[in-house]
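S.K.: Based on what follows, work out the 3D shape:
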Amino acid sequence: MPAHPARRVLPFAALAAATALVLTACAGPSGESDSELVWSIEGANLSAGHMDPQVSQLDVSGMVQRAVLDSLVFQEEDGSFTPWLAKEWEVSDDSTEYTFTLRDDVTFTDGEAFDAAAVKANFDRIVDPETASAQAASMLGADFYAGTEVIDDHTVKVTFTQPYAPFLQAASTPQLGFYSPAVLAESADQLKAGGPGITVGTGPFELTEYTPDQEIVYTRNDDYAWGPHDEKAPKVETLRVEIQPEASVRAGVVESGEADLASNIPPNLAKDLGDSLTVDSVEYPGLPYSLYLNEKYGVFADEKVRQAFARGIDIDPAVKEIFFGQFPRAWSVLGSTTPGYDAALEGTWEFDQDAANALLDEAGWTERNADGIRTKGGQPLSVRWIAWTPVPDDRAALANAIQSDLKEIGFDVVREVLEPGAYNEQYGPKTFDLTDWGFSGVDPDFLRSHLHTDGFQNASQVSDPAVDALLEQAVASSDQDERNTLYTQLQEWNAEHTAIVPLYSPSAITAVGERVKGLDYDLYGRPLFYDVSVG
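M.R.: The predicted structure follows:
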């Protein structure tokens, strides 16, 4: 579907004025090179069963495994789709059938042929309940997925029980990328842990070494000749991915030259990087970093309390100060680079302590205890915010600002930073008041997983037949104008209902050393290494 181009900007005015920054994506390859490219990433939770993008919901899983996993189609910056593993495709008039003609010259790095049977094996594996996929299964239509039919060796038809407009976009992602059929038959249960001989795809690199929590080593696939723009085997022989959760360490290694590039650099560190580095920033499309208010648990069952919570946070100065003016304050559950974004919501729910206090008074929270926290019936107005570790320093600072703002209106926010196991113990049964995350996605159908009654990411526990109907109409429509109208209604609904409180739209900030030439990015700001050379 059409999408806004990913915005690539020089994000730090002061740095740009002092140094001549150029976009590495605009630089041409500077000759052949057989050296190693070192990439520093955050990657803290990869070892906790997140090496498989068909199962994991973490962005980092798809980011690193794109080196191994190719897709049927490629999505360009203008939102259009071009051939990749599929040479061409046809979509039925009602968007229930997608028929792909596959390339006949593609092989997996274990020697297995890529063919229609491989497509069927991967897609059927994703939707198999035993796989326990959430995000990838949703992207494949979940209950809408009727099956994949092998027409012949190089023709495959994917069918849905109802119109499913977002499928091409989903089919361009690593979540719907392809593993070797031999791996699926023999080692599927090991894919979440990953490793050599397990994480096997058709991609430009082969995963050859993996030390959990330390590094992943990808070695060039010399036979590669089917990149999204007919790219051949990469120029670099080795892509070494160093797992370094501390942002200061990532900034340090790229500045010292120990790494050639580093991802997920926060603004406060990026602004002080040396002038030998290029700093690239791409604003994520998707759902901005937000707070999810659990309306089926505790005080957030009252809409007035949710509205007061949102109006009681002074978002603008906090976001501007903490992120050095580089991440825009969010107004909607769609980021501004996401198709269907409703710009009319900008400025419609400003910080207003008087309005927040009035709403809490109307909700009956009129008394205060000795600590200044509002009470009703002797109970304090207190909520528990559970957060998934690790928490970056800038988000911790934002959380502190939010807690301070809300305390001024008598709203107590207790924050708990939890290890993944402890977090999931509360997230599963929804025994929390609020939680937080951002979610990258080009097609706004990701709102279905966050706001539909049956959505797997519905942390707010929204259950509204009218909302379900809007989401179901949008996923089934092939008319972009109609879809935009429906998503506008959903954004307006949330602005009033306050199930999700959007805070800011993050960007993927990558620091790149001067040795690197030909680096490009996908629509999510994730590095692509097809044309990269070093030296």
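
S.K.: Buried residues in stretch 484-496, which are they?
M.R.: Using 16 or more other Cβ atoms under 10 Å as the burial criterion, the residues of stretch 484-496 that qualify are Asn484, Leu486, Tyr487, Thr488, Gln489, Leu490, Gln491, Trp493, Asn494, Ala495. Just so you know, the C-beta spots here come from the backbone N, C-alpha and C atoms, and that holds for glycine as well.

S.K.: Sorry, slip of the keys, the one I care about is stretch 396-408.
M.R.: Residues of stretch 396-408 classed as buried: Ala397, Leu398, Ala399, Ala401, Ile402, Gln403, Asp405, Leu406 (neighbour count, 16+ other Cβ under 10 Å).

S.K.: before we move on, the earlier item: helices - which of the buried residues of stretch 484-496 land there?
M.R.: Using DSSP state H, the subset of these located in helices is Asn484, Leu486, Tyr487, Thr488, Gln489, Leu490, Gln491, Trp493, Asn494, Ala495.

S.K.: contacting residues around the fourth one?
M.R.: Right, the one you point to is Thr488. Contacts for Thr488 were tallied using Cβ atoms under 8 Å, 6 or more residues apart in numbering; they are Gly340, Asp342, Ala344.

S.K.: Narrow those to those that are buried.
M.R.: Among those, those scoring as buried are Gly340, Asp342 (criterion: 16+ other Cβ under 10 Å).

S.K.: can I get the contacts of Thr488 in CSV with secondary structure?
M.R.: Below are the contacts of Thr488 laid out as CSV (DSSP: H, G, I helix; E, B strand; the rest coil):
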residue, secondary structure
Gly340, coil
Asp342, coil
Ala344, helix
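
S.K.: Closest one of the contacts of Thr488 to Glu231?
M.R.: Closest to Glu231 out of the contacts of Thr488 is Gly340 (31.5 Å), distances taken as Cβ to Cβ.

S.K.: where does the closest residue to Val532 other than its chain neighbours fall, phi/psi-wise?
M.R.: In this structure, Val532 finds its nearest non-sequential neighbour in Gly518, 4.9 Å apart by Cβ to Cβ, 6 or more residues apart in numbering. When read as degrees, to the nearest 10, the backbone of Gly518 gives phi 80, psi 10.

S.K.: ok, now Ile151?
M.R.: Recorded main-chain torsions at Ile151 are phi -80, psi -50, according to degrees, to the nearest 10.

S.K.: tell me the centre residue of this protein?
M.R.: Centroid check for the chain by Cα atoms, centre = their mean gives Ser440 as the closest residue, at 3.0 Å.

S.K.: residues contacting the nearest residue to that residue once chain neighbours are set aside?
M.R.: Of all residues not flanking Ser440 in the chain, Gly286 sits nearest, at 4.1 Å (Cβ to Cβ, 6+ apart). Contact analysis of Gly286 by Cβ under 8 Å, 6+ apart lists Leu334, Gly335, Thr338, Gly438, Phe439, Ser440, Gly441, Val442, Phe446.

S.K.: Now the two most distant members of these.
M.R.: Longest span within these, Cβ to Cβ: Gly438 and Val442, 14.2 Å.

S.K.: Between the two, which has more neighbouring residues?
M.R.: Val442 (27 against 19; other Cβ atoms under 10 Å).

S.K.: Helices of the stretch 351-500 of the chain, start to end?
M.R.: Ranges of helices in the stretch 351-500 of the chain, per DSSP state H, counting those that start in this stretch, are 353-362, 393-408, 420-427, 446-451, 465-476, 480-497.

S.K.: ditto for the stretch 1-150 of the chain
M.R.: Going by DSSP H, counting those that start in this stretch, the stretch 1-150 of the chain shows helices at 13-18, 59-65, 116-127, 135-139.

S.K.: just the stretch 151-300 of the chain next, same as before
M.R.: 167-170, 181-186, 247-256, 267-270.

S.K.: now, of these, which is deepest in the fold?
M.R.: Compared across the helices of the stretch 151-300 of the chain, helix 167-170 shows the largest average neighbour count, a mean of 23 (mean count of other Cβ atoms under 10 Å).

S.K.: So what touches that one?
M.R.: So helix 167-170 is contacted by 1, 3, 73, 75, 81, 89, 91, 95, 98, 139-141, 158, 160, 176, 442-443 (Cβ under 8 Å, 6+ apart).

S.K.: what would the buried residues of stretch 396-408 look like in CSV with distance to Pro228 and pLDDT?
M.R.: Output for the buried residues of stretch 396-408, formatted as CSV (distance: Cβ to Cβ, whole Å; pLDDT from 0 to 100):
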residue, distance to Pro228, pLDDT
Ala397, 39, 97
Leu398, 37, 98
Ala399, 39, 98
Ala401, 42, 98
Ile402, 41, 98
Gln403, 45, 98
Asp405, 46, 98
Leu406, 47, 98
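
S.K.: in this structure, what spans have low per-residue confidence?
M.R.: Confidence mapping of the chain against pLDDT under 70 gives the ranges 1-34.
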